[in-house]
Each structure stands twice: as structure tokens, then as C-alpha cells.
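Q: Okay, here's the prediction I keep looking at, along with the sequence it came from:
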Amino acid sequence: MSRFSHFLAIDWSGARGERHKGIALAMAELGDGAPRLLAREKPWSRTEVLAFLRDDLPRDTLVGMDLGISLPFADCGAFFPGWDKSPPDAKSLWALVDELSAEDPHLEAGGALRHDELARYFRHRGEQEGDRFHAPDAPTREGRFRVAELAQRAMGCRPVSNFNLVGAAQVGKSSLTGMRVLHRLDGALPVWPVDDLPREGSVLVEIYTALASLQALPAHRGRKIRDHALLNEGLSALLSAPVTGSGPIDDHSADALLTAAWLRRVCGDASLWSPRSLTRALARTEGWTFGAR
């Protein structure tokens, strides 16, 4: 039996600007009812999502945000190896990103990426790589990965390094903007596993919507959900009632709706809260992706 009564999935965006069609929020409630989109007259802004999480979240909500809550650390013993001011843990990293980006509007993270030292660790537009984009002892084309992302790969997903800022699949920018949100929550909403899982109340976890899709629609691995029929097929596999509507649906909304139902379905699995590779040190530095084993 789940201790949560609400399940909120957030498809996130790191794009520039105030409002983003790529941000979608979907809520499912305990039971088997259809998840629903939390829509507004205008697209969501990142600051509005932050305010919702701080002030308007229903009690006992499991929140999943589709982003990386941290950067690789375990592979090199540091987020930014070779830099003497590299933060020691995830919360210090969030604070640094927010501080360096303080002049950026709309919770953008351009200031962090313009920083002379930090810029060296990312792959930038035009596939220009910083001289420290690769791990010193294991240079690969794809860059560095967290332990949770290696676990995702073993499950059949294809995550992209959070240090990569290039391409449609990149999550670097959304992760950095998300870190600003996590820092500004300032303890109002625990972030598992950086924070211990509380016995009651709401909690936020990192999600990867591909994991939900992999479980609900294994025959459609890697395929974007862009029509109601396929979305409802996935919801049925998760023992959820279908959403209303037919024909096309944008993939951001579909991902959020499916993942909200997935969170409701799997959150009672104790093994997902204690994955084999998740140590206390890893929890405080890299964090984890809920659902990765």
C-alpha cells in the first residue's frame, strides 16, 4: 500500500525564455483513475512550477521531475576534477549553479555555463567540447555518466551525459535549471536520495520518462508517444483508466501523463527505494534516478 496519495510527474525544460510548451505537469491520485494535466491559460514557467512545489502541492505527493538532479562524481571523485573549488556534494552544487546564474532571468543557467572553469567540463553548441568534458582516464565520445545512468543503460535506456548541452536528447540545460529550483526549495520539499526518505509528507525524486515507457510499452522502446491511442495502451498496462481524447497529443504531455500513472503503480516497490548500487556517499553526491535498478 502506497503512503502517497498524489503522484505528480513533471516534464521539464532548460530552454531560454519565460514560458515553455516543453514543461508539462500531470497528476494522478491514489486508485486507478486517469491522470490529468495541470494546465494553465499560458504555458508553465519554471518560477510558477517552483511556486507550485513550495506552496500548492497536495499533501503526501510523490513528485517526479524529468532531469538530472546532479552531475557525475563517482567516476573521478569530483564533479569538476582538477578544479580546487569543485563542490563536495549535490546541495553545494545546486547552490553554486544558482549563485553563478543569479543574473539570468526565468531560472535560466547561462551564468554557470559562462563561468571560465565550469565551461571546460561541458559540450557546448556546435559540439565544441571543453577540454575537461571527458573523464581523464576514460575518454569516450559520450562523456561522463553517473552510476544511476549506467544502471539505466543496463536496463535498455540510452541516457545522455548531463555534461552534454548539444542535441535534441541533451538534458544538461534542463538539469542545471532544475538545480536552481532544487536549491530554492530550500528544504521545503525533500529531494530523495540526497535527503533521506521521510516517513510522511511529500518528496521529490528524479525520473527518466523512458523508464516508465519501457515498462508500459516495451514493444515501442525509443518511440515518442504522440497519439492518445498509444498513450492509453501504456496507461492500461499500468492498470490506469484511459485519458479522454483521441488523435495527436504532444509528447511532453504524454510523457507526463504516463509517468504520473507509472509513479503510482511502482512507488510501493521497496527495491526501487534501495537500489543495489546506491550508497550513502553516492546519494549525497550524484543522487539517483527513481526506477533505475
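A: Good, I have the coordinates.
Q: Tell me how many other residues crowd residue 230.
A: Residues contacting residue 230 under the criterion other CB atoms under 10 Å number 19. No exception for glycine: its C-beta is placed from N, CA and C like everyone else's.
Q: Need the three-state assignment for it.
A: Three-state assignment for residue 230 (DSSP: H, G, I helix; E, B strand; the rest coil): helix.
Q: Check it and give its pLDDT.
A: On pLDDT, residue 230 comes in at 97.
Q: My read is that residue 81 contacts residue 132, right?
A: Yes: between residue 81 and residue 132 there is a contact under CB atoms under 8 Å: 7.3 Å.
Q: Comparing these two, which residue is more hemmed in?
A: Of the pair residue 81 and residue 132, residue 132 is the one with more neighbours under other CB under 10 Å, namely 20 against 17.
Q: show me what contacts that one?
A: Shown in contact with residue 132 (CB atoms under 8 Å, 6 or more residues apart in numbering): 80-82, 120-121.
Q: Most widely separated two among those?
A: 81 and 120 (10.6 Å; CB to CB).
Q: Helix or strand with the lowest mean pLDDT in the protein?
A: strand 128-129 (a mean of 86; mean pLDDT, DSSP states H and E).
Q: Can you give me the buried ones in the helix or strand following that strand?
A: Next helix or strand after strand 128-129 toward the C-terminus (DSSP states H and E): helix 147-154. For helix 147-154, the buried set under the neighbour-count rule, 16 or more other CB atoms under 10 Å, comprises 147-149, 151-152.
Q: So for helix 147-154, mean pLDDT?
A: Across helix 147-154, the average pLDDT comes to 96.
Q: what do you get for stretch 7-24?
A: Mean predicted lDDT for stretch 7-24 stands at 96.
Q: Which positions in it come out as buried?
A: Buried, per 16+ other CB under 10 Å, within stretch 7-24: 7-15, 19-20, 22-24.
Q: For the least confident helix or strand of the chain, name the packing helices and strands.
A: Applying 3 or more CB pairs under 8 Å, 6 or more residues apart in numbering; DSSP states H and E, we find strand 128-129 packed against no helix or strand.
Q: what sits up against that strand?
A: residue 123.
Q: how far out from the middle of the chain is that strand?
A: 24 Å (CA atoms, centre = their mean, to the nearest Å).
Q: now do stretch 278-291
A: Between the centre of stretch 278-291 and the centre of its host chain there is 13 Å, according to CA atoms, centre = their mean.
Q: Same check on stretch 77-91?
A: For stretch 77-91, the distance to the chain centre is 21 Å (CA atoms, centre = their mean).
Q: could you give the mean pLDDT of it?
A: Stretch 77-91 shows an average pLDDT of 97 in the prediction.
Q: Report the buried residues of that stretch.
A: Buried residues in stretch 77-91 (16+ other CB under 10 Å): 78-81, 86-87, 89-91.
Q: which pair in those spans the largest distance?
A: The distance between the two most remote of those (CB to CB) is 19.4 Å, for 81 and 91.
Q: ok, residue 32 to residue 276 distance?
A: 31 Å (CB to CB, to the nearest Å).
Q: check contacts around residue 167.
A: By CB under 8 Å, 6+ apart, the contact list for residue 167 reads residue 160.
Q: Please, which helix or strand holds it?
A: Using DSSP H and E, residue 167 sits in no helix or strand.
Q: State the distance from it to residue 207.
A: Residue 167 is 20 Å from residue 207, by CB to CB.
Q: Setting the sequence-adjacent residues aside, check what's closest to residue 102.
A: residue 111 (6.7 Å; CB to CB, 6 or more residues apart in numbering).
Q: Neighbour count for residue 32 and residue 276, which is higher?
A: residue 32 (14 against 8).
Q: my guess is that one contacts residue 238, does it?
A: No: in this structure residue 32 lies outside contact range of residue 238 using CB under 8 Å: 9.1 Å.
Q: so what are the domain limits for the protein?
A: 6-69+183-273, 90-177 (automatic domain parsing).
Q: Which residues are in contact with the spatially most central residue of the chain?
A: The residue lying closest to the centre of the chain (CA atoms, centre = their mean) is residue 67, at 2.2 Å. Applying CB under 8 Å, 6+ apart to residue 67 gives the contacts 12, 14, 171, 174-175, 177-178, 206.
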